[in-house]
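Novice: this one's structure only:
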């Protein structure tokens, strides 16, 4: 039989309510780039507030018994109540997104293995010596591209070009990998302007766009990559470069080939750290992006994460 939850007295309720509302207001005023985490914290505080109200009012009481005296309630912290309601509405819009993220994190934790955890901690220690740390990227097959996008958002603040400029280049009203004909870009090797991506708004980038750009760049600069791509080519394949780019478009895991292409497209030095060494691609470029590589973090395979400054 379930035990009856004991109600708390008004003074205790008032003390805890005031503290919770102050925490919510404080969280709302924080200036942070990690909006998802901030909204997640607000949702948790909302849940605590709900539980506190149930504890004070009694879960099964009718409406007449659950109403707090209005005058006393207003004495607690009247301005914050209105602010809290506004924040609550905004954060509830992201509730589904927060739940998806929690599910992803749970799956990530389940898929990690002991060796992977040891490698993760080793890499974390190496980065700490450089005043850096790991920013986790979802292991969804797009981790390389999402790590690069995260780095661009963190480190590149000035940009000239946006999605509209990209759509003009491909001569489309919108972008979808499903509508891309790679042959067209292979045949017209001088018909694509990569220069805008040196100063492109990272908020308008996606893993699909980066996969497309990488494929086109490799096709139009096949002499730089063909010797490496032959390692991946099936026997008897007359055009391994094109076949490999088709695989990129279809979701193949990113490798050094793609990192080299992305470095040249973005005109950024990309430094990759693992537990053994640090390797940089595009040494001649001034602006630098940092990512890290995990060999055994997840049971599903290799993984890239973004690297942030401490």
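Specialist: Structure received. Nothing here was measured: the structure is a model prediction, and the numbers come from that model.

Novice: going forward, measure contacts and count neighbours with C-alpha atoms only.
Specialist: Fine.

Novice: strands along the protein, start to end?
Specialist: According to DSSP state E, the chain carries its strands in the segments 132-135, 269-273, 278-281, 288-298, 301-309.

Novice: can you redo those strands as a markdown table with mean pLDDT?
Specialist: Formatted as a markdown table, the strands of the chain follow (pLDDT from 0 to 100):
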| stretch | mean pLDDT |
| --- | --- |
| strand 132-135 | 96 |
| strand 269-273 | 97 |
| strand 278-281 | 96 |
| strand 288-298 | 92 |
| strand 301-309 | 92 |
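
Novice: closest to residue 150 out of those?
Specialist: Among those, strand 301-309 comes nearest to residue 150, with 6.8 Å by CA to CA.

Novice: outside of that closest one itself, list whatever touches it.
Specialist: 131-137, 139, 143-144, 147-148, 150-151, 290-297 (CA atoms under 8 Å, 6 or more residues apart in numbering).

Novice: could you pick out the buried ones from these?
Specialist: Buried residues within the contacts of strand 301-309, defined by neighbour count using 16 or more other CA atoms under 10 Å: 132-135, 137, 139, 143-144, 147-148, 150-151, 290-297.

Novice: so where is the stretch 151-300 of the chain shaky, pLDDT-wise?
Specialist: Along the stretch 151-300 of the chain, segments meeting pLDDT under 70 span 189-190, 231-237, 299-300.

Novice: against residue 114, how distant is residue 224?
Specialist: Separation of residue 224 from residue 114 (CA to CA, to the nearest Å): 39 Å.

Novice: looking at those two, which one has more neighbours?
Specialist: residue 224 (14 against 11; other CA atoms under 10 Å).

Novice: which residue packs closest to the more buried one, ignoring adjacent ones?
Specialist: Among residues not flanking residue 224 along the chain, residue 218 sits closest, at 7.8 Å (CA to CA, 6 or more residues apart in numbering).

Novice: residues near residue 280, how many?
Specialist: 16.
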